[in-house]
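**Q** the sequence isn't on hand, but the structure is:
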């Protein structure tokens with residue numbers, strides 16, 4: 001498939017557009033402390049960046065669903081007051097998004113993060129006007145799976161898979177995109193590995209933002 005066919009581009013947020021490690025891992029650290037679990041090394045919590053938090057608390061720390069939902073509430077205590085500000089946009093991303101927009105591409109944000117949070121982050125970074133829409137989960141726990149978020153984008157805008165590509169950094173991004181027949185480009189400057197992305201079905205993997213720009217605009 002030729003790149004020029006990708007008129008619609010869906011972007012993940014954490015690990016793709018923004019480096020949000022500090023805010024997310026500190027929020028998780030705060031939530032785990034509520035359960036008597038002390039984690040001093042924030043690097044040990046990187047696996048929480050990207051996937052739905054409910055799944056991560058259950059899979060990574062053996063919580064049942066009730067405990068995981070309680071952990072999310074504790075996480076949000078920290079995240080809404082401090083963590084949401086503890087992020088940076090990856091170098092070159094604003095320029096990439098602007099170049100795509102100027103070339104007539106339609107851009108959409110598709111994240112497992114609650115839409116309310118994603119909108120605040122994108123607005124804070126001055127990127128809101130570059131997107132046709134910002135889509136995430138609901139604060140009540142609905143639509144957390146990436147496949148569900150992508151489905152919302154496709155349905156609302158009437159997008160066709162042959163003209164749409166998803167960009168992300170983790171396996172759940174790939175799996176969500178593939179469930180709707182989308183082409184997928186993985187990025188290695190985020191939190192996933194090349195093996196994780198390729199094994200999940202990514203057709204292309206960009207080492208950096210410059211290479212991602214080549215894939216999308218060459």
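**A** On my side now, so go ahead. Computed from a predicted model, the values in this text were never measured in an experiment.

**Q** what about the protein, any weak spots by pLDDT?
**A** The chain contains residues with pLDDT under 70 at 1-5.

**Q** the strands in it, which residues?
**A** In the chain, strands defined by DSSP state E lie at 8-11, 18-19, 88-89, 106-114, 133-137, 164-168, 183-187, 204-206, listed in chain order.

**Q** hmm, who's touching stretch 24-35?
**A** With contact meaning Cβ atoms under 8 Å, 6 or more residues apart in numbering, stretch 24-35 is reached by 14, 38-39, 42-43, 45-46, 48-49, 53, 57, 61, 63, 67, 70-72, 74-79, 82-83, 86. Every C-beta, even on glycine, is put in place using the N, C-alpha and C of the backbone.

**Q** same thing with stretch 45-60?
**A** By Cβ under 8 Å, 6+ apart, stretch 45-60 touches 12, 14-15, 20-21, 24-25, 28-29, 31, 39, 63-65, 67-69, 71-72, 75, 112, 137, 141, 144-145, 168-170, 172-173, 190-192.

**Q** among the contacts of stretch 24-35, the buried ones, what's the ChimeraX command?
**A** Restricted to the buried members of the contacts of stretch 24-35, where burial is judged by 16 or more other Cβ atoms under 10 Å, the ChimeraX selection command reads as follows:
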select :14,45,48,49,53,57,61,63,70,71,72,74,75,76,78,79,83,86
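
**Q** before we move on, back to that, can I get the strands of the chain in a markdown table with mean neighbour count?
**A** Listed next are the strands of the chain as a markdown table, based on neighbours: other Cβ atoms under 10 Å:
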| stretch | mean neighbour count |
| --- | --- |
| strand 8-11 | 24 |
| strand 18-19 | 21 |
| strand 88-89 | 15 |
| strand 106-114 | 24 |
| strand 133-137 | 21 |
| strand 164-168 | 27 |
| strand 183-187 | 25 |
| strand 204-206 | 20 |
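
**Q** nearest to residue 212, out of those?
**A** Nearest to residue 212 among the strands of the chain is strand 204-206 (3.9 Å), distances taken as Cβ to Cβ.

**Q** against which helices or strands is the closest one packed?
**A** When contacts are defined as 3 or more Cβ pairs under 8 Å, 6 or more residues apart in numbering; DSSP states H and E, strand 204-206 packs onto strand 183-187, helix 194-200, helix 209-217.

**Q** recalculate using a threshold of 10 Å.
**A** With contacts defined as 3 or more Cβ pairs under 10 Å, 6 or more residues apart in numbering; DSSP states H and E, strand 204-206 has these neighbours: strand 164-168, strand 183-187, helix 194-200, helix 209-217.

**Q** how far is the longest helix belonging to the chain from where the chain is centred?
**A** With secondary structure taken from DSSP state H, the chain has its longest helix at helix 65-81. Put simply, helix 65-81 sits 19 Å off its chain's centre (Cα atoms, centre = their mean, to the nearest Å).

**Q** got a list of contacts for it?
**A** By Cβ atoms under 10 Å, 6 or more residues apart in numbering, the residues outside helix 65-81 that reach it are 20, 23-24, 26-35, 37, 48, 52-59, 61-64, 83-86, 113-114, 116-117, 120, 139, 141, 144.

**Q** point me to the residue sitting farthest from the middle of this protein.
**A** For the chain, the C-alpha lying farthest from the average C-alpha position belongs to residue 36; by Cα atoms, centre = their mean, that distance is 28.7 Å.

**Q** in contact with residue 63, which residues?
**A** The contact partners of residue 63, taken as Cβ under 10 Å, 6+ apart, are 31-32, 35, 37, 54, 56-57, 69-71.
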